[in-house]
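K.L.:
return a 3D structure for these sequence lines:
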Amino acid sequence: MPPRNEDRYRTRGIHSNWLQDRYGLEEQARRRSMQNGQARLGLHDHSIHDEESGLLITNVYFPLRSSDSPKAEVREEVLQILDMEDRKHILTGDWNAHSSAWHSHKTDERGSMIEDELDSRGNHVIHNENTFTRAATGILSSPDITMATADIASRATWHTCGVVNTDHLPSIIAMDSEIPKREKPKRVIANYRKADWKGFKTDIETRIRSYVGPRDAYSLEKLISKAILEAAGKHIPSGRFVPTRECQGDTKEIDDLLKKRAEIQKMNSLDGNIAEINDVIEKSRRAVFFLFFRFCE
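P.N.:
Residues are numbered from 1 along each chain as shown. Model (predicted):
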């Protein structure tokens, strides 16, 4: 693959602005080893960082080995880009390197160097065997390589995305994530219309008059709070509201709508009928909810 030109670098700004506006991701694109305005090695890397999750994604292009690039300098550049540290990091791109670690037909010097560095740092290559990252041209070219830190590689899957009009097939990296269980808030309903306010007042006054403890502000505040809570628990009807199936209005008709909605979402999550079904479910549940309150009265 020839080195990327300036026009391609300018288009990166469009992608970067779209990612930053839509997902809040920070982007960095740079050329390494600049001397006299020209890149000596031509190693390009393009990084996207998600501050919320700490995930860093770097796309790399490393052109073919050139005669004016000393071996030591090439190694230094490779070590610098492979330094993933301890953070969550996905490193993907075209390294123009061959190794059996990513199912190449041979192993060359650059591929062996990258493989050794990955082993020493405890990082891994994410690839499927016999899955090519280039369009079928009949030429055994080096594959695009996807690497990741151990915590990501252990729960990541990798595959290419069909055949498109390009020599590099898009790669999709998917990761399983743990979604924390959402706890339902405790909802307590009190019926003040049926409260025994006379008994409520009498209990509080009796408790305060019979108090013989300390008279500092902290002790008195604790006394009054406890007296009010105990009187309320005795004279004001209350209880925790648990949204059961009946209280939510999930009748048989609603159950059928829920099943229908689930089927539509599997086929097309953007289907306009989903919003209509949600409105029907919400109206039905709200009607039953008001009936529940009237029953409490």
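
K.L.:
Provide a list of residues in contact with the nearest residue to residue 174 once chain neighbours are set aside.
P.N.:
Nearest non-adjacent residue to residue 174, counting by CB to CB, 6 or more residues apart in numbering: residue 157, 4.9 Å away. Quick note: C-beta positions are derived from backbone N, CA and C, even for glycine. Residue 157 is in contact with 126, 173-175, counting by CB atoms under 8 Å, 6 or more residues apart in numbering.

K.L.:
residue 112 too?
P.N.:
Residues counted as contacts of residue 112 (CB under 8 Å, 6+ apart) are residue 99.

K.L.:
so how far is residue 170 from it?
P.N.:
28 Å (CB to CB, to the nearest Å).

K.L.:
which SS state does residue 146 fall under?
P.N.:
Going by DSSP: H, G, I helix; E, B strand; the rest coil, the secondary structure assigned to residue 146 is strand.

K.L.:
what sits against it?
P.N.:
Residue 146 neighbours (CB under 8 Å, 6+ apart): 90-92, 125-127, 158, 171, 173.

K.L.:
by pLDDT, give me the weakest of the residues you listed.
P.N.:
Looking at those by pLDDT, the weakest one is residue 127, with 74.

K.L.:
on that earlier part again, just curious, which of the contacts of residue 157 is nearest to residue 216?
P.N.:
Nearest to residue 216 among these is residue 175, at 57.4 Å by CB to CB.

K.L.:
surely residue 61 is in contact with residue 94?
P.N.:
Yes. With contact defined as CB atoms under 8 Å, residue 61 counts as touching residue 94 (5.2 Å).

K.L.:
what about these two, which has more around it?
P.N.:
The residue with more neighbours, out of residue 61 and residue 94, is residue 94; 21 against 18, by other CB atoms under 10 Å.

K.L.:
and the pLDDT for the more buried one?
P.N.:
For residue 94, pLDDT reads 81.

K.L.:
check residue 25 too.
P.N.:
According to the prediction, residue 25 has pLDDT 45.

K.L.:
okay, residue 221 and residue 227: tell me how far apart.
P.N.:
11 Å.

K.L.:
sounds good, over and out.
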